[in-house]
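J.: sequence first, then the predicted structure, then my questions.
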Amino acid sequence: MKRIIVLVGPPGVGKSTLVKLAKEKGYYAVDIEEIHNEAKLLLSHLQGEEYKKVLSEEMDKRIEQLVNEAPEGISIFGAGGYGSHFPIEKIEKVLLLPPKEIAESRFRERDKNDPVKKAQNHDFERIYEGFVHLWQSGERKYHRVIQTTGTPEETLKELVKPSLD
């Protein structure tokens, strides 16, 4: 049986770290941010609204393909900003949400050597609060919420525990 776990959450919560660790532990794991970056390069000849439309369509197709190709057992996807592009009926969506101070510290430390991401640091609070609002208001449904305050190994162990659904 396939169990597809999609990780969502603000920057600095550990999505990419968990995907990398899951790969090391033998799980089928994909960081959608990497797929997004590849698609952006392939479509860099487009501009404006056409670029956005084609990129969104390409990501939808690629995500559907990855979900369909996922092997039996547990598959883990770090969704980045693409959590809503996954077919909800086929996945277990997990919100990773440490306390804001921890996420912000991780985010700023991670991106301190990347000038583009460093310039986006001012958006952290807005993005974090947006995830909290969507979760608490019920506008976005998550199968589980995991506080990522432990080690990546502890979080992965919690993540792959049998679901109650």
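T.: Perfect, thanks for sending it.

J.: ok, the residue lying closest to I102 once chain neighbours are set aside to P99 distance?
T.: Closest residue in space to I102, ignoring its immediate chain neighbours: T149 at 6.3 Å, by C-beta to C-beta, 6 or more residues apart in numbering. Backbone N, C-alpha and C define where each C-beta goes, glycine included. Applying C-beta to C-beta, to the nearest Å, the value for T149 to P99 is 7 Å.

J.: now swap in G73 and tell me
T.: Taken as C-beta to C-beta, the spacing of G73 relative to P99 amounts to 32 Å.

J.: please apply the same query to S163.
T.: Spatial separation of S163 from P99 under the definition C-beta to C-beta is 25 Å.

J.: next: S105.
T.: Counting by C-beta to C-beta, the gap from S105 to P99 is 10 Å.

J.: now swap in Q65 and tell me
T.: Distance, Q65 to P99, by C-beta to C-beta: 36 Å.

J.: and for E34?
T.: Counting by C-beta to C-beta, the separation of E34 from P99 is 27 Å.

J.: helix, strand or coil for L95?
T.: strand (DSSP: H, G, I helix; E, B strand; the rest coil).

J.: which ones are touching it?
T.: Residues in contact with L95 (C-beta atoms under 8 Å, 6 or more residues apart in numbering) are 8-9, 131, 135, 140, 142, 144-146.

J.: and with 10 Å instead?
T.: 6-10, 13, 83, 131-132, 134-135, 140-148 (C-beta atoms under 10 Å, 6 or more residues apart in numbering).

J.: likewise R3?
T.: By C-beta under 10 Å, 6+ apart, the contact list for R3 reads 70, 72-76, 91-92, 160, 162-163, 165.

J.: next step: these restricted to helices.
T.: Secondary structure from DSSP state H places V160 of the contacts of R3 in helices.

J.: turn the contacts of R3 into TSV, including neighbour count, distance to L21 and pLDDT.
T.: TSV is the format used below for the contacts of R3 (neighbours: other C-beta atoms under 10 Å; distance: C-beta to C-beta, whole Å; pLDDT from 0 to 100):
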residue	neighbour count	distance to L21	pLDDT
A70	20	18	94
E72	9	21	94
G73	12	16	94
I74	20	13	95
S75	21	14	96
I76	27	9	96
I91	20	20	90
E92	18	18	92
V160	16	11	94
P162	6	19	83
S163	11	19	70
D165	7	24	55
